[in-house]
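Trainee: what's the 3D shape of this:
(chains A and B)
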Amino acid sequence: MSIKVRNLTKIFDDKKVLDDISFDVADGETLAVVGFSGSGKSTVLKLICGLLEKDDGEIITSEGDVAMVFQYSALFDSLNVADNISFALRERRDLRNKYSEEDLKEIVSNKLELVGLSGIERKFPSELSGGMQKRVSFARAIVTEPKTILYDEPTAGLDPISSTLIEDYIVRLQQETNAASIVVTHQMSTITRTANRLIMLYNGKIVFEGTPEDMLKAENPYTKQFVTASLEGPMHMIS
Amino acid sequence: MVTFKQYFRQSATYKIFRAFNHQFVDFVTTLGAIVQNGIMTLKYILMGQVEKKELFDQCVRFGISSLPITLSIVGMTSIIVTSQVAAEMVKQGGGNFVGLLVSILIVREVGAVMSGFAIISMIGSSLASELATMRVTEQIDAITVLKVNPIRYLFVPRVLSGILMMPVLVIIASAFGVVAGAVTTAMTTELGFLAYFDSAWLGIYMKDLSVCMLKAVAFGGTIALISCSCGYQASGGAKGVGLATNKAVVWSLIAIVIWDLIFSIAFFF
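Mentor: Next up is the predicted model:
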C-alpha cells in the first residue's frame, strides 16, 4: 500500500477541517478527493506532502519521494523551463552531484517529451499558457521518480480542451510511473477520466467512498447532490 | 438580555484592546521568525552551504543595481551639510577644518546610515516583495516539497550578499561623499581642494573606518535578513505582498537606527 491514512485530524482555529478520516491508495491507483470548496481537500494533500503538521492520526507513504502538482503550477518564474524541471536534481543535497550537465539536459528533454512539450527548455513560465505551465509542473514533479504524486485541482481554470489534455497526461503519468496518485478536484470530467476510486469530504468527514461509476449510480444523498450540482440536499456551502 | 461579555465585546475598549493584542502577537511572531531564520542562515553560511552562482547574482543585484541611488543619497547629503557649514566656518576662521568635519561626518555616520536607507528602499523592498510573491504563489511550498531547504536556497545567498556588498557600497559612497563635500566647498568658499583634502585626511581615523565597516556588515546582513523574513512570512494575495513589503521597510529602518545607536554607545560614548 503506497499511501495509508489513518484517523487523520486537522484543526484550524478550533475548527476541525479533517475529522478522523482514513483511506488507502495502492501503487498505480488514482484516488480522487472531491467536495465543496473549503471542505479540506487541499489540506489532505498538504498533510501528506508535509507542508502542514497533522493534529492527530497517521500518514504512511511508500519509501521514495512525494511529488505535488500545485493548483496554479507554482513554477519558479525566475527560472526557465529546463531549470524548473531540473531544480530538485541541481539543488537537493543528496542529488546535486549525481548528474552531469549532459545528464540533466537529457532528463529534462525526456520529461518534456513525456508531457508533450519538447523544445521549450529555454522559455520562461510567463511565456507559456496555463495548460503548458501545468504540464511543465507535471514534468518537474516526476523528475525525481516519485512513488506518490499529488495533484491539487489540476484542471482548475483551464478551458475544456486543455482540461481533457491534462486529464490524459495524469492517466499517462500513472501508467508510466506506477505511482500512487491523489487528485483533488471538483470537476466531474477529471473524476471520471482519471480516478479509479474517489472519496467525498464534507464537514471534515468522508461521506462517500467508491468508484466513479458507483458515484453516478449510487443513491447516496451527498453524491447525488454533488453530481446534480443541486442546492437542495444534505450539503450546505461552508462559509 | 445582553450579557456583560456581549456588551464588552461590542465596546470600543475591547476593539482597541484586540487591535493592540493583534499588534503585539504580530510583533512577537515577526521578531521570532527573524531570529530563527537568522540562526538557520548563519548555520548554513558557517557550514559553507552556499550556492556560488546564486550568491554572485545576488551580489550583482545588491551592489551594482543599488549603486546609483546610494551615491546620489550620500552625495546629496554631503552637499547639503557642506553648503550649510563651509561658508560659515570659513567666515569664523575655521576654514582649515571644513574637510575634517565633513570626513568625520561621512565616515562615522552619513556614509553607512544613508547607504543603509538607500539599500532598504532599493533592495530590502525588492527582496521582501520577491519572497512574498513566491510565498503566495506557492513557489516556496514547491521548493519545500522538492526537498530543497528554502532557508538555504533563498536566505543564504541574499543575506551573504548583503554582508559582503554593503561594506563595498559604503566605502564607495563615503569616498563619493567626501569628494562631493570638496566640490561644494570649492564652489561656496574660496577654500581650494588642497586645503580641504589636507584637513579631510586628518579626520579619517582607523578606528572610525573599522567601525564604519562593522556597521556596514551589520546593516547589510540585517536589511537582507529582515526583508527575506518578512517576505517569507507573507500570507494572502496581493494585500499580503504589500503588507510584507511595508513591514520589511519599517522593521529595517528601525533596525538600522537601533544598530547605529548600539555602535555609537559601544565606540563613541
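Trainee: Show the pLDDT at the most centrally placed residue in chain A.
Mentor: Taking Cα atoms, centre = their mean, the centroid of chain A lies closest to A:Tyr151, which sits 1.0 Å from it. On pLDDT, A:Tyr151 comes in at 94.
Trainee: Get me the contact residues on chain A for chain B.
Mentor: Counting by Cβ under 8 Å from any Cβ of the partner chain, chain A comes close to chain B at A:46, A:49-51, A:65-68, A:70-72, A:74-77, A:87-88, A:91-93, A:140, A:144. Where you see a C-beta, it was placed from the backbone N, CA and C, and this is true even at glycine.
Trainee: In helices, which of those appear?
Mentor: With DSSP state H as the criterion, helices contain A:46, A:87-88, A:91, A:140 from among the residues of chain A next to chain B.
Trainee: what's around A:Leu89, how many residues?
Mentor: 18 (other Cβ atoms under 10 Å in any protein chain shown).
Trainee: same question, A:Ile59
Mentor: Other residues close to A:Ile59 by other Cβ under 10 Å number 16.
Trainee: need the contact list for B:Glu109.
Mentor: Counting by Cβ atoms under 8 Å, 6 or more residues apart in numbering or on different chains, B:Glu109 touches B:Asp260.
Trainee: So it versus B:Ser264, what's the distance?
Mentor: Distance, B:Glu109 to B:Ser264, using Cβ to Cβ, to the nearest Å: 9 Å.
Trainee: Select the longest helix from the chain.
Mentor: Let's take chain A. Ordering each helix of chain A by length in residues (DSSP H) puts helix A:160-177 first.
Trainee: Let me rephrase: I mean chain B.
Mentor: Counting by DSSP H, the longest helix found in chain B is helix B:12-46.
Trainee: where does that helix sit relative to the chain's centre, distance-wise?
Mentor: Distance of helix B:12-46 from the chain centroid (Cα atoms, centre = their mean, to the nearest Å) equals 19 Å.
Trainee: buried ones in that helix?
Mentor: By 16 or more other Cβ atoms under 10 Å in any protein chain shown, the buried positions in helix B:12-46 come out as B:30, B:34, B:37-38, B:40-42, B:44-45.
Trainee: re earlier: residues of the longest helix of chain A that come out buried?
Mentor: For helix A:160-177, burial by neighbour count (16+ other Cβ under 10 Å) applies to A:162-163, A:165-167, A:169-170, A:173-174, A:177.
Trainee: before we move on, which element is residue 104 in?
Mentor: Looking at chain A here, since you left the chain open. Taking DSSP states H and E as the definition, one finds A:Leu104 inside helix A:101-114.
Trainee: try again with chain B
Mentor: With DSSP H and E as the criterion, B:Ile104 is inside helix B:98-105.
Trainee: Name the residues of that helix that come out as buried.
Mentor: Applying 16+ other Cβ under 10 Å to helix B:98-105 flags B:98-105 as buried.
Trainee: next one: stretch B:236-252
Mentor: B:240-241, B:243-245, B:247-249, B:251-252.
Trainee: Which members of those occur in helices, if any?
Mentor: Reading helices off the buried residues of stretch B:236-252 with DSSP H, I get B:240-241, B:243-245, B:247-249, B:251-252.
Trainee: Include pLDDT and distance to A:Val34 when you put the residues you listed into a markdown table, please.
Mentor: Below are those laid out as a markdown table (pLDDT from 0 to 100; distance: Cβ to Cβ, whole Å):
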| residue | pLDDT | distance to A:Val34 |
| --- | --- | --- |
| B:Gly240 | 93 | 29 |
| B:Val241 | 96 | 31 |
| B:Leu243 | 95 | 34 |
| B:Ala244 | 96 | 34 |
| B:Thr245 | 97 | 38 |
| B:Lys247 | 96 | 38 |
| B:Ala248 | 97 | 40 |
| B:Val249 | 97 | 44 |
| B:Trp251 | 97 | 43 |
| B:Ser252 | 97 | 46 |
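Trainee: Between helix B:98-105 and the strand or helix carrying B:Ser72, find me the angle.
Mentor: For B:Ser72, the host element (DSSP H and E) is helix B:67-91. Angle between the axes of helix B:67-91 and helix B:98-105 is 140 degrees (criterion: axes from the mean of the first three to the mean of the last three Cα atoms, to 10 degrees).
Trainee: Check which helices and strands helix B:67-91 is in contact with.
Mentor: Packed against helix B:67-91 by the contact rule (3 or more Cβ pairs under 8 Å, 6 or more residues apart in numbering or on different chains; DSSP states H and E) you find helix B:98-105, helix B:111-119, helix B:156-188.
Trainee: Surely A:Val33 forms part of a strand?
Mentor: Yes - assigned with DSSP: H, G, I helix; E, B strand; the rest coil, A:Val33 falls within a strand.
Trainee: residues in contact with it?
Mentor: A:41, A:44-45, A:182-185, A:198-199, A:201.
Trainee: now swap in B:Arg108 and tell me
Mentor: B:208, B:211-212, B:268.
Trainee: Now the phi/psi pair for it, please.
Mentor: Taking degrees, to the nearest 10, you get phi -80, psi -40 for the backbone angles of B:Arg108.
Trainee: with the buried residues of stretch B:236-252 in mind, which one is nearest to chain A?
Mentor: Nearest to chain A among the buried residues of stretch B:236-252, counting by Cβ to the nearest Cβ, is B:Val241 at 13.7 Å.
Trainee: Ignoring the adjacent residues along the chain, who's closest to the closest one?
Mentor: In space, and not counting its chain neighbours, B:Val241 is closest to B:Ala132: 4.3 Å by Cβ to Cβ, 6 or more residues apart in numbering or on different chains.
Trainee: ok, the one you found touching B:Gly236?
Mentor: No - in this structure B:Ala132 lies outside contact range of B:Gly236 using Cβ atoms under 8 Å: 9.4 Å.
Trainee: Up against chain A, what does chain B have?
Mentor: B:49, B:51, B:134, B:137-139, B:141-148, B:153.
Trainee: Could you pull up the contacting residues of the most centrally placed residue in chain B?
Mentor: Closest to where the C-alpha atoms of chain B average out (Cα atoms, centre = their mean) is B:Gly116, at 3.6 Å. Counting by Cβ under 8 Å, 6+ apart, B:Gly116 touches B:166, B:219, B:223, B:256.
Trainee: Just the buried residues out of those, in ChimeraX syntax.
Mentor: Applying 16+ other Cβ under 10 Å to those, the buried members can be selected in ChimeraX as follows:
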select /B:166,219,223,256
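Trainee: Just the ones in helices from the contacts of B:Gly116, please.
Mentor: Reading helices off the contacts of B:Gly116 with DSSP H, I get B:166, B:219, B:223, B:256.
Trainee: Using TSV, please lay out these together with pLDDT.
Mentor: Output for the ones in helices among the contacts of B:Gly116, formatted as TSV (pLDDT from 0 to 100):
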residue	pLDDT
B:Met166	96
B:Phe219	97
B:Ile223	97
B:Ile256	97
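Trainee: just the residues you listed now: which is nearest chain A?
Mentor: B:Ile223 (20.6 Å).
Trainee: pretty sure B:Ser129 contacts B:Leu243?
Mentor: No - with contacts counted by Cβ under 8 Å, B:Ser129 stays clear of B:Leu243, the gap being 10.6 Å.
Trainee: Which residues lie in contact with the residue lying closest to A:Ala139 once chain neighbours are set aside in this structure?
Mentor: Once flanking residues are discounted, A:Ala139 sits nearest to A:Lys111: 4.0 Å by Cβ to Cβ, 6+ apart. The contact partners of A:Lys111, taken as Cβ under 8 Å, 6+ apart, are A:85, A:139-140, A:142-143.
Trainee: do you know how far A:Lys111 is from B:Val148?
Mentor: Here the criterion is Cβ to Cβ. By it, A:Lys111 lies 18 Å from B:Val148.
Trainee: again, but for B:Phe8
Mentor: 49 Å.
Trainee: With B:Asp57 instead?
Mentor: For B:Asp57, the distance to B:Val148 - Cβ to Cβ - is 17 Å.
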